[in-house]
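Trainee: quick check, what structure comes out for this input:
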Amino acid sequence: MVVDPNAMQPIQRFRIDWVLANDLALGPAPRADRHLKRLEAAGIGGVLSLCSEEEAQPLKGLADQFQCQRIVLPDHRSAEVLSLQQLKSSLLALSELRQQGPVFVHCVAAVERSPLICMAWLIQQQQLNPSEALDYLMQVHPGSNPLPRQYELLKHIQSVKEVAL
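Mentor: Sure, this is the predicted structure:
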């Protein structure tokens with residue numbers, strides 16, 4: 001991470017980390033046209049945003065180049081607590097977007113929300129348990145750090161899957 005000496009704020013480097021090669025990727029919110037070009041070059045077909053427009057304004061042309069969905073999820077700054085229904089809605093949106101090709105999932109900094117949704121996807125689709133999903137995400141996307149109360153919801157995704165079997 002680089003610090004802008006004038007603003008003394010960390011500058012988030014835009015990176016694309018593949019969770020499943022050429023299928024599911026995550027990273028921070030795209031904030032510049034060059035980020036859209038990188039997504040396009042990576043073969044991304046859909047973009048799932050998990051933050052509000054106030055947190056990360058969508059770039060002009062984003063919806064022209066990619067299939068996009070936005071599911072606003074609360075993070076550590078919110079008084080609202082993430083619900084199981086919000087988690088399921090995010091997984092449904094991800095499933096719909098995957099029909100268009102590889103999907104890029106993002107929140108503001110790719111620390112809490114986007115790793116959480118990717119972990120839930122791994123539990124649901126790859127039959128990992130929550131601990132395995134977290135370990136894997138931390139390997140492919142260092143800095144993944146969902147909140148404990150968010151992580152607890154993953155146990156419900158797993159139990160729903162097990163009941164369905």
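
Trainee: hey, let's count contacts and neighbours off CA atoms from now on
Mentor: Will do.

Trainee: and the strands in this protein?
Mentor: Ranges of strands in the chain, per DSSP state E, are 2-4, 9-11, 17-20, 24-28, 46-49, 67-70, 103-107.

Trainee: do you know which of those strands lies nearest Pro142?
Mentor: strand 17-20 (9.3 Å; CA to CA).

Trainee: hmm, who's touching the closest one?
Mentor: 24-27, 118, 137, 140-141 (CA atoms under 8 Å, 6 or more residues apart in numbering).

Trainee: out of those residues, which is nearest to Lys60?
Mentor: Nearest member of those to Lys60, counting by CA to CA, is Gly27, at 18.8 Å.

Trainee: in contact with the closest one, which residues?
Mentor: 14-17, 104-107, 109-110, 114.

Trainee: so how do I select the buried members of those in ChimeraX?
Mentor: Remark: buried members of the contacts of Gly27, expressed as a ChimeraX selection using 16 or more other CA atoms under 10 Å:
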select :14,15,16,17,104,105,106,107,109,110,114
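
Trainee: how about JSON lines for the contacts of Gly27, with distance to Arg70 and pLDDT added?
Mentor: As requested, the contacts of Gly27 are exported to JSON lines (distance: CA to CA, whole Å; pLDDT from 0 to 100):
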{"residue": "Phe14", "distance to Arg70": "19", "pLDDT": "91"}
{"residue": "Arg15", "distance to Arg70": "20", "pLDDT": "93"}
{"residue": "Ile16", "distance to Arg70": "18", "pLDDT": "96"}
{"residue": "Asp17", "distance to Arg70": "20", "pLDDT": "97"}
{"residue": "Phe104", "distance to Arg70": "12", "pLDDT": "98"}
{"residue": "Val105", "distance to Arg70": "10", "pLDDT": "98"}
{"residue": "His106", "distance to Arg70": "10", "pLDDT": "96"}
{"residue": "Cys107", "distance to Arg70": "10", "pLDDT": "95"}
{"residue": "Ala109", "distance to Arg70": "16", "pLDDT": "92"}
{"residue": "Ala110", "distance to Arg70": "15", "pLDDT": "94"}
{"residue": "Ser114", "distance to Arg70": "12", "pLDDT": "96"}
